[in-house]
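Undergrad: everything below, folded, please.
(chains A and B)
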Amino acid sequence: MTGADVLLLALGAVAVGSGVLVVTTDQLVRAGLYLVVCLGAVAGLYLVLTAELVAWVQVLIYVGAVVVLLLFAVMLTRAPIGRSPDLDRPGLPAVLIGGGAGLGLAALFADAFRWSAVELPAPGNAERIGTELFRAWVLPFEVLSVLLLAALVGAIIVSRPDIGSRS
Amino acid sequence: MRPVIPYVIGALLFGAGVYGVLRRRNAVLVLMAVELMLNAVNLILVTADTTVRATLPHGGQVFALFVIVLAAAEVGVGLAIVLQLYRLRASVAVDTVRLDAAPASELDEPRVIT
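TA: Numbers count the residues shown, from 1 in each chain, chains lettered A, B, ... in the order given. Predicted structure coming up:
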């Protein structure tokens, strides 16, 4: 157990704990705030795994933009403040499938990697990732920019019924 | 660094996300659970980047960046659909949406709840 392992375990406990709270709490706004904690802990995990650029992009886009959008949606759909008793459906199939997927994948990984150790590679800072991105992955990068534009236009058209439907 | 630790964390996060997608009735909470699943996949990609020595270095981290961009696009379109659903039905409960009887005439004239 090195220092990195201890950090990984601590941050992972925070991430999994707040992730479980996101899907079990009965207060909508708190689910969003627990999501912030979970995504922040995952960003910390990226930092320990030497993925610096991914960690900061995670903080910027997920914690900064996606969670704010989700909280806006909570407010715009007039979600009740406080406890809402009708948030959940019957839980047995969800517990079976979700628990089965999670524990099954965890057992698979544990069996595949046992307790082996690896050396951490050179940190993925902005310079290295940028070089790699614009040398080997330029075409997917450009396709993604087109996809973002399409998603933007699609979101506008979906949310404006006067230009979306042809009645 | 023991790679089994972040791998197991990613698997458990994915399981929590699957549970949330199946359990929740509120569409916004379903989107949050989808975000959890995407994060689990990102964590596994970044961990694989440290354990696999590929020909192209840092492929896993580049893929994680791509998945983050896809998640941003997904949440934008998803929230537009959720808000439109709320405008039409005044409710975002996913199990009350009837998929078998598509109300074409109803969709043409959206009932705006003020």
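Undergrad: pull the longest helix from chain B.
TA: The single longest helix within chain B, with elements called by DSSP state H, is helix B:59-89.
Undergrad: what pLDDT, on average, does that helix get?
TA: For helix B:59-89, mean pLDDT is 91.
Undergrad: contacting residues around residue 18?
TA: All of this refers to chain A. Contact analysis of residue A:18 by Cβ atoms under 8 Å, 6 or more residues apart in numbering or on different chains lists A:34, A:35, A:37, A:38, A:41. For the C-beta atoms, the positions are set from N, CA and C on the backbone; glycine is no exception.
Undergrad: can you look at chain B instead?
TA: Contacts of residue B:18 (Cβ under 8 Å, 6+ apart): A:94, A:97, A:98, A:101, A:102, B:33, B:37.
Undergrad: what about the second one, which helix or strand?
TA: According to DSSP states H and E, residue A:97 maps onto helix A:92-113.
Undergrad: average model confidence for stretch B:42-50?
TA: pLDDT averaged over stretch B:42-50 gives 93.
Undergrad: could I get the CA-only coordinates of that stretch as CSV?
TA: Extracted in CSV, the C-alpha atoms of stretch B:42-50 (Å, rounded to 0.1, in the frame of the first residue of the first chain):
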residue,chain,number,x,y,z
ASN,B,42,-14.3,7.6,-17.9
LEU,B,43,-12.6,6.4,-14.7
ILE,B,44,-12.1,3.0,-16.3
LEU,B,45,-10.7,4.5,-19.5
VAL,B,46,-8.2,6.7,-17.5
THR,B,47,-7.2,3.7,-15.4
ALA,B,48,-6.7,1.6,-18.5
ASP,B,49,-4.4,4.3,-19.8
THR,B,50,-2.1,3.7,-16.9
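Undergrad: wondering if that stretch reaches chain A at all.
TA: Yes: applying Cβ under 8 Å from any Cβ of the partner chain, one finds stretch B:42-50 touching chain A at B:42, B:43, B:46, B:47, B:49, B:50.
Undergrad: remind me which residues of chain A are low pLDDT?
TA: A:164-167 (pLDDT under 70).
Undergrad: need the contact list for the residue nearest the centre of chain A.
TA: With distances taken as Cα atoms, centre = their mean, residue A:39 lies nearest the centre of chain A, 5.9 Å away. For residue A:39, the contact set (Cβ under 8 Å, 6+ apart) comprises A:58, A:59, A:62, A:63, A:67, B:35, B:39.
Undergrad: and residue A:62, by the same measure?
TA: Counted by Cβ under 8 Å, 6+ apart, residue A:62 has contacts A:39, A:43, B:35, B:39, B:68, B:71.
Undergrad: got the angle for the helix or strand containing the third one vs helix A:92-113?
TA: Assigning secondary structure by DSSP H and E places residue B:35 in helix B:27-51. With axes from the mean of the first three to the mean of the last three Cα atoms, to 10 degrees defining the directions, helix B:27-51 sits at 10 degrees from helix A:92-113.
Undergrad: what's the angle between helix B:27-51 and helix B:59-89?
TA: The directions of helix B:27-51 and helix B:59-89 differ by 180 degrees, with the same axes, to 10 degrees as the criterion.
Undergrad: about what we covered before: pull out the buried residues from the longest helix of chain B.
TA: Under the neighbour-count criterion of 16 or more other Cβ atoms under 10 Å in any protein chain shown, helix B:59-89 has B:59-69, B:71-88 buried.
Undergrad: which ones among those residues also lie next to chain A?
TA: Within those, those near chain A by Cβ under 8 Å from any Cβ are B:59, B:61-62, B:64-66, B:68-69, B:71-77, B:79-84, B:86-87.
Undergrad: just to revisit the earlier point, any residue of the helix holding residue A:97 touching chain B?
TA: Yes: counting by Cβ under 8 Å from any Cβ, contacts between helix A:92-113 and chain B involve A:93-95, A:97-103, A:105-106, A:108-110, A:113.
Undergrad: how near is whichever residue of chain A sits closest to chain B to residue A:95?
TA: Residue of chain A nearest chain B, by Cβ to the nearest Cβ: residue A:102 (1.6 Å). Distance check for residue A:102 against residue A:95: by Cβ to Cβ, to the nearest Å, it reads 10 Å.
Undergrad: now the residue lying closest to residue A:133 once chain neighbours are set aside: how far from residue B:29?
TA: Sequence neighbours aside, residue B:62 is the residue nearest to residue A:133 in space, at 5.5 Å (criterion: Cβ to Cβ, 6 or more residues apart in numbering or on different chains). As judged by Cβ to Cβ, residue B:62 and residue B:29 stand 31 Å apart.
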